[in-house]
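Engineer: what follows is a predicted structure for the sequence shown.
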Amino acid sequence: EALGMDDDDSKVKSLAETIHKKTEGNPFFMLIFLRSLYDEKLLQYNFGVMKWTWDEDAVNSKIVTENVASVLVNKMNRLQEETQRMLMVA
């Protein structure tokens, strides 16, 4: 329902199962994983049809890290170079 996919429960269920399996149900990693899908445009809101869309194959092949430090390093590596330099100085 939250994904606006009332007419395609099987697709949502498949996404939920994939996320649960990849994160082992850990709520922190679920949020990080969902955010990374969104940041990498693998999960997007399609305003034309008013639904969330995703690439099931890309989601299934995405690797989830179990290390919080790795998650933060990956996020920091996606920042602009100037922002990265500022963080190094801080």
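Structural biologist: All right, it came through fine.

Engineer: how far off centre is stretch 80-90?
Structural biologist: 24 Å (CA atoms, centre = their mean, to the nearest Å).

Engineer: try stretch 26-41
Structural biologist: Worked out by CA atoms, centre = their mean, stretch 26-41 lies 3 Å from the chain centre.

Engineer: now the strands: where do they sit in the protein?
Structural biologist: 43-46, 51-54 (DSSP state E).

Engineer: just those strands: most buried one?
Structural biologist: strand 51-54 (a mean of 17; mean count of other CB atoms under 10 Å). Yep, even glycine has a C-beta here, placed from its N, CA and C like the rest.

Engineer: partners of that one in the sheet?
Structural biologist: strand 43-46 (antiparallel) (DSSP bridges).

Engineer: quick one: contacts of the strand it pairs with?
Structural biologist: 34, 37-38, 51-54, 59 (CB atoms under 8 Å, 6 or more residues apart in numbering).

Engineer: make a markdown table out of the strands of the chain and add mean pLDDT.
Structural biologist: A markdown table is the format used below for these (pLDDT from 0 to 100):
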| stretch | mean pLDDT |
| --- | --- |
| strand 43-46 | 93 |
| strand 51-54 | 90 |
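
Engineer: would you list those strands in a markdown table and tack on distance to Gln84?
Structural biologist: Output for the strands of the chain, formatted as a markdown table (distance: least, CB to CB, whole Å):
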| stretch | distance to Gln84 |
| --- | --- |
| strand 43-46 | 25 |
| strand 51-54 | 29 |
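
Engineer: in this structure, where is pLDDT below threshold?
Structural biologist: 1-8, 65-69 (pLDDT under 70).

Engineer: now with 90, please.
Structural biologist: Within the chain, the segments meeting pLDDT under 90 span 1-12, 21-26, 28-33, 35-36, 39-40, 49-51, 60-79, 84-90.
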